[in-house]
Every structure is written in C-alpha cells, then in structure tokens.
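attaching a predicted model along with its sequence, questions to come.
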Amino acid sequence: MSNPQQLRYSKEHEWLSAAEDGVATVGITEHAANALGDVVFVQLPDVGSAVAAGETCGELESTKSVSDLYAPVTGEVTEINEDVVNDPSLVNSAPFEGGWLFKVRVTEEPADLLSADEYTAFSAG
Amino acid sequence: MSSSPLRRTALDALHRSLGATMTDFAGWDMPLRYGSERDEHNAVRTRAGLFDLSHMGEITVTGPEAAALLDHALVGDIGGVRVGRARYTMICREDGGILDDLIVYRLAGSEAGSSPYMVVANASNAQVVLDALVERSAGFDAEVRDDRDAYALIAVQGPESPGILASLTDADLEGLKYYAGLPGTVAGVPALIARTGYTGEDGFELFVKPEHAVELWQALTKAGEGAGLVPCGLSCRDTLRLEAGMPLYGHELSTSLTPFDAGLGRVVKFEKEGDFVGREALAAAAARAGANPPRVLVGLVAEGRRVPRAGYAVVADGTVIGEVTSGAPSPTLGKPIAMAYVDAAHSAPGTPGVGVDIRGTHEPYQVVALPFYKRQK
C-alpha cells in the first residue's frame, strides 16, 4: 500500500490533509483499515464540537473489535462524512478518499505529525 | 498466552502466499481472513468457502473397550453410534462443568466390534481432553492416542460444496448424511470425508495426512473456481457459527457451566449403560435447569448499529440481568447480534426493555430464540 505524499499522519494511524482556509480533512490510513478488518460502524464527533490532538473523538467498530478514533489536531469539527456513517465500508474501500471521516478547523497542530515516508516506516515497524 | 512460538499448519506458506492476515488462535498461527471477512462469510452462505482447521485436536481411541471408555468419559451415548456416523457430545468434570465440546466419529474398523473412534477437540482444550481421556481410560481395555500431528483438517462449506467435492471424489456423497463420515479418496489423496461443520451450511470436513494438505487445498481451490469458492479465515467462521447459534468453548461453554446451563442438556444421556463422569452432578443440574434455571442462553438482535462484545453487561431497568458471551455484526441479518446468558425472567423472546451496556450507553436489544439463521433445506 502507499500512503499519499501530500498528507500527514499521526502515530494513531490517522491522516490529515493540508488545510484549506484553515480546515483540514481527517481519516484513518489504509494500514489501520486493513488492521481493523471490515468496518461496520463509525461514531464521529458532532459538528461544532471541539477535538483535541491525541484525544479520542469517536470510535470505529469492525467485525472483531472496537477501536477509538483519535483527533490528529486540535480544533473545531466543521463537517462529518455522512456517506461513511451510512456506509462504513468506505473506510476499507477508499480510506484516503471517499472514506474520509471529518473536517476540522485547526487551531493547533502537534509537533509530531509524520510525513508519508516517516509514517510508512512507522507503520511497517 | 505462553511465550512459546506459534505452531504452524501444513498450509502455512500457502496462507501467506494468499495474503492472509494471521492471528494467534490457541497457540496456532491461523488465517484470520484473506480479504474482507464479510465477503468470506457471504461466500459460505451463498456459494462455498475453504477453511484450514488443522488446529483442531484429533484423539484416536482404539481397543475392544473403546466404546465403553468413551461412554464412561463423555456424557453422550457413544456405544449407540453406528460405524460411519458422528456425534456431537461433551466431556465434563465430576462436578458437571464442561471441559470441552467434541465431535466423536466412529470409523470403519478392520474387525467387527472394535472399530476405532476419532475424538475431535477444540485446539484450546485438546491437551485437557487428551489428559482426561488417558486418566479415565484406567481399567479399560482401550488405547488413547494423541493424533494431533497425524492430521491436517480442511473444510469446504456452503451450498456449492457438494458439487465441488463430487468433482474430486468417487465417494458416495449423496449417501453421506449430516454427521456421518466415510473413508475415501479426494483428488487422489486418502481422506476421511465427514459431513460436519461449524457454519450452519451444508459442508464437509476432510481429515488428511499433513503432507497431502497443500495438494488437496489446491485441488479444491481449482475445482471451486467456477462455483465461487473462496478461502475463508477464522473471523468469518466465528460469525457463521454465531448466526447459526452454535456455542464456542470459552464463550458460551466453560468449566463453570454444565450442559444444562448452556441449554444443551440434550447431549447428556442418563439412560446409557454404566456410570459416567459427572452423572450425579449433571442429574442435579438437570433438575435445577428444569425447575429454577439460573440463567438462560438467548439471542439478542440490535435495534441500533453498535456491536455488543463478549463480557458486556445485559441490562433491564438499569439493572444487570446478564452477560454477552459472543457478539458481532451479522452479515446475513445486517445488524449486530449476540448470544448472552440472561436471568430467566428476561429470557422469553420479545421480552421488552432489554438492552446491552455498550461502553456506558444502554443500547436497546431484542431478545430472540436461537439460532439467528437456519438454512433452507
């Protein structure tokens, strides 16, 4: 699998797009989606709610387990992906595209976000 | 889990070449899934799936008193099993607690009256079962043999499985009933062909020598190509058996439960000849389950989409009334399902106000009779 170069990554396996007008898109990586197996339910933060980098803001259920969703940055949720709420399998089929999870108006970024190459090495280890 | 290295089946390299996600299951490195576990599940329900079950524990019991030993050691009527047939049964402790659930196959013998039996135990319990059988064999003219390394086990399950298997064998599959087994040749490989499974579908389990496993797997894969057969991992095996309402040791069954507590009292045959381990305690358990059951195993179907997991509390009116033993999203029903032990007062199908505590939130669940899924014959 290849991790898109234009994204940045958290060690909790979320990806973050470059912000446009201060708003960035968040999803989970293909590596994480593969590790979960078929995702059957996603619980996303409410639009307008505050999320904090490194803290849980939702959950992802797969056949075998439930996993917390972590916010990769601090900010305010501006939009959630209703398509993925209705069809959680998008997380597996298109984790970097149609399976995005939510958009956030970024107020603070942690210093330890990874580049694509760094994340590839991190997730392989 | 011990830190000893995981055991690998004869098909290990093949699983890796197929890109399987592997998992530690009872000390074995087993395929969890090859691709989407939901697709694998649906393939077994509608077409066919191929499983490596070589982790299962085979124990052979031979000798003039093999049947008498098994009648003493197990709760079922093994003496009543005819040659070529199989029986679902259990082995219990003296206090009635379940040590394991088993399938016992009566194999064709070379001489009349002394046909051997193959006992198939869960991987996690195989050593316990072996030890118990050896201990209980004292005084019987019978030999208990550890045959765990003598077999690989490949299952082909699903509505297309009879056609797929028939293309590879001359054995009389039409005459082979559910819970029966016959020796034969499949794709040139000697095999015990059993019509058993753990999926709720028609299907076969093929016991072969480990050195023949790869050859057989590849032949089945090729034979199943046109019928939509896919390799399947343990993840979908779990959701298939859950939909079919079949218990899994360590979840619905344990040493702290008797077969009667698990709603499976029918496997205990008090009427068989001779004494058997656990008889007295099981008679008491039968009376208790009839008059005043502690808890009852039920099915739960979610009204929402959050998935119950083993260990979650079942609640009613803010009070804990039971515990989930297995839970998963059901591919066939399209909603989360669970098996749970609940207080008898809340166990009737349709009992209102029952929920599952899913990480602090009480999600509504419907109480239903098991199984969730029954195939159309």
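Perfect, I can see it now.

what packs against the longest strand along chain B?
Using DSSP state E, we find that the single longest strand of chain B is strand B:319-330. Judged by 3 or more C-beta pairs under 8 Å, 6 or more residues apart in numbering or on different chains; DSSP states H and E, the packing partners of strand B:319-330 are helix B:234-243, strand B:295-302, strand B:313-316, strand B:335-343, strand B:354-358. C-beta here means a position set from N, CA and C on the backbone, and glycine is covered the same way.

and the angle from the last one to strand B:295-302?
Going back to what we said before, that points to strand B:354-358. Inter-element angle recorded for strand B:354-358 and strand B:295-302: 80 degrees (by axes from the mean of the first three to the mean of the last three C-alpha atoms, to 10 degrees).

strand B:354-358 vs chain A: in contact?
No - Strand B:354-358 lies apart from chain A when judged by C-beta under 8 Å from any C-beta of the partner chain; the minimum separation is 8.6 Å.

list the buried residues of that strand.
B:354-358 (16 or more other C-beta atoms under 10 Å in any protein chain shown).

and for A:H31, the neighbour number?
Using other C-beta atoms under 10 Å in any protein chain shown, A:H31 is surrounded by 18 other residues.

per-residue pLDDT, it?
Looking at A:H31, its pLDDT is 95.

spatially nearest residue to it, not counting backbone neighbours?
A:S123 (4.4 Å; C-beta to C-beta, 6 or more residues apart in numbering or on different chains).

in TSV, list the helices and strands packed on strand B:319-330 along with distance to A:F96.
Shown next, in TSV, are these (distance: least, C-beta to C-beta, whole Å):
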stretch	distance to A:F96
helix B:234-243	24
strand B:295-302	30
strand B:313-316	38
strand B:335-343	28
strand B:354-358	29
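
out of the buried residues of strand B:354-358, who's nearest chain A?
Among those, B:I358 lies closest to chain A (C-beta to the nearest C-beta), at 8.6 Å.

that closest one is in contact with B:Y312, isn't it?
Yes - here B:I358 reaches B:Y312: they are 6.3 Å apart, a contact under C-beta atoms under 8 Å.

sorry, back to before: who's in contact with the residue nearest to A:H31?
A:3, A:13, A:29, A:31 (C-beta atoms under 8 Å, 6 or more residues apart in numbering or on different chains).

likewise B:I358?
Per C-beta under 8 Å, 6+ apart, neighbours of B:I358: B:306-308, B:312.

of these, list those near chain A.
B:306-307.

reformat the contacts of B:I358 as CSV; add neighbour count, pLDDT and secondary structure.
As requested, the contacts of B:I358 are arranged in CSV below (neighbours: other C-beta atoms under 10 Å in any protein chain shown; pLDDT from 0 to 100; DSSP: H, G, I helix; E, B strand; the rest coil):
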residue, neighbour count, pLDDT, secondary structure
B:R306, 20, 92, coil
B:V307, 27, 95, coil
B:P308, 27, 96, coil
B:Y312, 20, 97, coil
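
out of the contacts of B:I358, who's nearest chain A?
B:V307 (4.9 Å).

now the helices and strands packed on strand B:319-330 in TSV, with mean pLDDT?
Below are the helices and strands packed on strand B:319-330 laid out as TSV (pLDDT from 0 to 100):
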stretch	mean pLDDT
helix B:234-243	98
strand B:295-302	96
strand B:313-316	98
strand B:335-343	97
strand B:354-358	96
